[in-house]
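> just to be clear, the model below is a prediction. Sequence and coordinates:
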Amino acid sequence: MARALVPSLDWLLVFVPATIALEHLAPHRFVAVFACACLAIVPLAAWLGRATEQLAERTNEGIGGLLNATFGNAAELIIALAALRHGYDAVVKASLTGSIIGNILLVLGAATIAGGVKHRSLRFNVTGARSYATMLTLAAIALVVPAAFHHIVHPRAIVEHELSDEIAVVLLLTYFASLVFSLRTHKHLFTGEAPRDDRGTRREPAWSVRRSVGVLAGATALVAWMSEILVGAIQPTAEALGLTDLFIGVIVVAVVGNAAEHATAVQVAMKNRMDLALGIAIGSSVQIALFVAPVLVLASLVIAPRPMDLVFTSCEVMAIVIAVAVIGQIAGDGESHWLEGVQLLAVYAILAIAFYLVPETVAAPG
């Protein structure tokens, strides 16, 4: 089995009680709290991934990818909501950027390498993959327009918030239309092949539905708890380590939030189920851009000290446009291999270095 090749991360569960203990006994040790919370989320995300994979085996690859993307993004949404309540708009927008490029480049890149080492050629439905790429192009447009509007028109803040609110509604409507397309009217483009064992017969899920749902609920609740602690330690940790909010959000917070997608996408790619791997990685980016981001914009009207807009920094817009352009090339032929995974990781590494070197003054959108 492919999973046997993936080392167990269950030993990291010790960081769950360690995080809780540090939060109550030594809350002033911000870096330790932050590090423990990050490590605690990783094994919880792995368990979340196992449960969603078991549920996915009872459905098709399209619904399975949606399940993985939805529960995988739960931690990111919770982190962002908590950050919004504290007024950390820059960190929230940076984490959205990091989630989009992280899923496209880091998660899919690692999954393609893992699958490509085990299988010479990784095939997937090219029409479904192009549909994902088109949705990501829409996401890039939705982020470019507010940024361009900000720099060209120099409007008042209230106008930018109105523009962001209206774009958020358009994105939400488009996202729900994409669900109808992928799950109802054109679901055959996203079904892929049913999982099979070594003898070629359909493999039955090892877990019952009740157990899968129970693990999902428990893991999601614990991830939410760890995420709340993580958010509280972000700002002092960034100051202590000399990191910018942009780098913390784009790289650190996003990588932790993507742990569920990362673990599950690698596992299914090793089983040569690239339709599901694409649904998890690219589908998660689509969900972040078309659902999570607009939900946060609208939620900020109620829970945040001030409304959040969609005016991302030039660095963030550049990174998203580059990532979307790269995935358009990858998704065009219906076949992949390990070298393309290396290329995706190389692009991610280049962008990570750039974000690390961007000074705080340049990182601001104004």
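Thanks, I have the structure now. Numbers count the residues shown, from 1 in each chain.
> please enumerate the strands of the protein.
Using DSSP state E, the strands of the chain run over 122-123, 335-336.
> mind putting those strands in TSV, mean pLDDT, mean neighbour count and distance to Ile100 included?
Using the backbone N, CA and C atoms, a C-beta is placed for each residue, glycine as well. As requested, the strands of the chain are exported to TSV (pLDDT from 0 to 100; neighbours: other C-beta atoms under 10 Å; distance: least, C-beta to C-beta, whole Å):
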stretch	mean pLDDT	mean neighbour count	distance to Ile100
strand 122-123	84	20	22
strand 335-336	82	20	20
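> mind putting the ones you listed in TSV, distance to His154 included?
Formatted as TSV, the strands of the chain follow (distance: least, C-beta to C-beta, whole Å):
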stretch	distance to His154
strand 122-123	47
strand 335-336	44
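> which among those strands is found nearest to Ser99?
Of all those, it is strand 335-336 that lies closest to Ser99, at 21.8 Å by C-beta to C-beta.
> how close does Val144 get to Glu166?
From Val144 over to Glu166 the distance is 16 Å, taken as C-beta to C-beta, to the nearest Å.
> who has more neighbours, these two?
Val144 (15 against 11; other C-beta atoms under 10 Å).
> now do that one, the pLDDT please.
At Val144, the model reports a pLDDT of 85.
> residue contacts, the residue nearest the centre of the chain?
Nearest to the mean C-alpha position of the chain, by C-alpha atoms, centre = their mean, lies Ser99 at 4.1 Å. Applying C-beta atoms under 8 Å, 6 or more residues apart in numbering to Ser99 gives the contacts 73, 76, 254, 257-258, 284-285, 288, 292.
> mind doing that once more with 7 Å?
76, 254, 257-258, 288 (C-beta atoms under 7 Å, 6 or more residues apart in numbering).
> sort out for me which of the residues you listed are in helices.
76, 254, 257 (DSSP state H).
> any idea which of the contacts of Ser99 has the most stuff around it?
With neighbours taken as other C-beta under 10 Å, the top of the contacts of Ser99 is Gly257, carrying 32 neighbours.
> I'd assumed Ile79 was in contact with that residue.
Yes. Applying C-beta atoms under 7 Å, one finds Gly257 in contact with Ile79, separated by 6.1 Å.
> number of nearby residues for Val145?
By the criterion of other C-beta under 10 Å, Val145 has 16 neighbours.
> Leu13 too?
Neighbours of Leu13 (other C-beta under 10 Å): 17.
> show me where the stretch 201-350 of the chain has its helices.
Remark: helices assigned in the stretch 201-350 of the chain by DSSP state H, counting those that start in this stretch are 209-241, 245-247, 254-257, 259-270, 274-287, 293-303, 314-330, 338-357.
> what helices or strands is the last one leaning on?
Taking 3 or more C-beta pairs under 7 Å, 6 or more residues apart in numbering; DSSP states H and E as the contact definition, the neighbouring helices and strands of helix 338-357 are helix 108-118, helix 245-247, helix 314-330.
> if we can go back for a sec, tell me the confidence at the residue nearest to the centre of the chain?
pLDDT, Ser99: 88.
> swap in the one 5 residues further on?
Reported pLDDT at Ile104 in the predicted model: 89.
> what about Thr127, distance to Glu340?
As for Thr127, its distance to Glu340 is 19 Å (criterion: C-beta to C-beta).
> and the two? which has more neighbours close in?
Each of Thr127 and Glu340 has its neighbours counted (other C-beta under 10 Å); Glu340 has more, 20 against 13.
> how about that one, what does it touch?
By C-beta under 7 Å, 6+ apart, the neighbours of Glu340 are 112, 330.
> burial of Phe181, as a residue count?
16.
> skipping its backbone neighbours, what lies nearest it in space?
The shortest distance from Phe181 to any non-neighbouring residue, by C-beta to C-beta, 6 or more residues apart in numbering, is to Ser131 (7.4 Å).
> one more: Arg130?
Ranked by C-beta to C-beta, 6+ apart and with sequence neighbours excluded, the top spatial neighbour of Arg130 is Ala331, at 5.6 Å.
> and for Asp10?
Spatial nearest neighbour of Asp10, chain neighbours left out: Pro43 (5.8 Å); criterion: C-beta to C-beta, 6+ apart.
> distance check, that neighbour against Phe15.
8 Å.
> swap in Val302?
Val302 is 33 Å from Phe15, where distance means C-beta to C-beta.
> okay, now the unreliable bits of the protein?
Where the chain drops to pLDDT under 70, the residues are 1-8, 56, 58-72, 187-205, 259-261, 360-366.
> okay, now the nearest residue to Ala75 once chain neighbours are set aside: neighbour count?
The shortest distance from Ala75 to any residue other than its chain neighbours is 4.5 Å, reached at Val223 (C-beta to C-beta, 6+ apart). Neighbour count for Val223, taken as other C-beta under 10 Å: 29.
> who's in contact with Val223?
Contact analysis of Val223 by C-beta under 7 Å, 6+ apart lists 41, 44-45, 48, 74-75.
> and the helices of the stretch 201-350 of the chain as CSV, adding distance to Pro155?
Output for the helices of the stretch 201-350 of the chain, formatted as CSV (distance: least, C-beta to C-beta, whole Å):
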stretch, distance to Pro155
helix 209-241, 29
helix 245-247, 23
helix 254-257, 29
helix 259-270, 36
helix 274-287, 29
helix 293-303, 17
helix 314-330, 17
helix 338-357, 27
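> and the helices in the stretch 51-200 of the chain, which stretches?
61-72, 74-85, 89-101, 108-118, 126-153, 157-180.
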